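[1] just to be clear, the model below is a prediction. Sequence and coordinates:
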Amino acid sequence: MKPKKRNIAIQDTYGERFQNCWGCGPKNEQGLHLKTYPSEDGETCITQFEPDNQYTGGVPNNLFGGMIALVFDCHGTASAAWFAHKNKGLALTEETVIGRFITARLETDYKKPVPMDETITIRSSIEELSERKAIVRMKMEASGVVRAEARMVAVAVKDDM
Ligand SMILES: CCCCCCCCCC(=O)SCCNC(=O)CCNC(=O)[C@H](O)C(C)(C)COP(=O)(O)OP(=O)(O)OC[C@H]1O[C@@H](n2cnc3c(N)ncnc32)[C@H](O)[C@@H]1OP(=O)(O)O
């Protein structure tokens, strides 16, 4: 995977113990290093990547469905952290110990094949937010066409998790 990098990603603000995720952990040497960024107005979050050929699904040149869910998984949890902090007027830093989210439920709608040879863009928005629960909506596009959509229930980790 070739994630598109911009400035500081939300994953780069994860504390030390959360930086080893295979999909998006900055410290996982074998990982994919997916990166999520808030939009300028902070209302949405975005991640972009170009799939490597090894992640093809059963149909040649179509992205493997598990990878599609994986990208939603990492992007959705990072987005949940962003929306929770924004809602409280807080900045995300490595010292942030509250409001880090893991996936409780992930529903994925596979609408059209995802091509392997172009940039894939995923945008997220917040549907519902409470103290420990965030419901995040996501759309995956290539060439301006929506290829997949997801709805995630993300739950904030407790200090003892
Ligand atoms: C932390 C930083 C992480 C950085 C890297 C993340 C990147 C990648 C993302 C992942 O891969 S995460 C790994 C996959 N996920 C897991 O392993 C989670 C396994 N499940 C759990 O540990 C617990 O079930 C979980 C923490 C998600 C919830 O347990 P809790 O006991 O803390 O939840 P609780 O029962 O108090 O429910 C809190 C709220 O969430 C809701 N909820 C919990 N589980 C749900 C579920 N499965 N579906 C829908 N809603 C759910 C629940 O109804 C409730 O809503 P309300 O506040 O409105 O009442």
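    Received the coordinates, thanks.

[2] all helices for this protein, in order.
    Ranges of helices within the chain are 65-87, based on DSSP state H.

[3] measure the spatially most central residue of the chain to Y14 for me?
    For the chain, H75 is the residue whose C-alpha lies nearest the centre (Cα atoms, centre = their mean; 0.4 Å). Distance, H75 to Y14, by Cβ to Cβ, to the nearest Å: 14 Å. Yep, even glycine has a C-beta here, placed from its N, CA and C like the rest.

[4] before we move on, back to that, tell me the pLDDT of the residue nearest to the centre of the chain.
    pLDDT for H75: 98.

[5] measure it to K158 for me?
    23 Å.

[6] where does the protein dip in pLDDT?
    For the chain, applying pLDDT under 70 flags the ranges 1-6, 95-98.

[7] ok, now with 90
    1-8, 14-18, 58, 89-100, 117, 131, 158-161 (pLDDT under 90).

[8] in it, which spans are strands?
    Ranges of strands in the chain, per DSSP state E, are 2-3, 37-38, 45-50, 101-110, 120-129, 133-142, 145-156.

[9] convert the C-alpha atoms of the longest one to CSV, please.
    Taking only C-alpha atoms (Å, rounded to 0.1, in the frame of the first residue of the first chain), the coordinates of strand 145-156 have been written out as CSV:
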residue,chain,number,x,y,z
VAL,A,145,-17.4,6.9,-8.1
VAL,A,146,-18.5,5.5,-4.7
ARG,A,147,-17.2,1.9,-4.5
ALA,A,148,-18.0,1.0,-0.9
GLU,A,149,-19.7,2.5,2.2
ALA,A,150,-19.4,1.7,5.9
ARG,A,151,-21.0,2.4,9.2
MET,A,152,-18.8,1.8,12.3
VAL,A,153,-19.7,1.8,16.0
ALA,A,154,-16.5,2.7,17.7
VAL,A,155,-16.1,2.7,21.5
ALA,A,156,-13.5,4.6,23.5
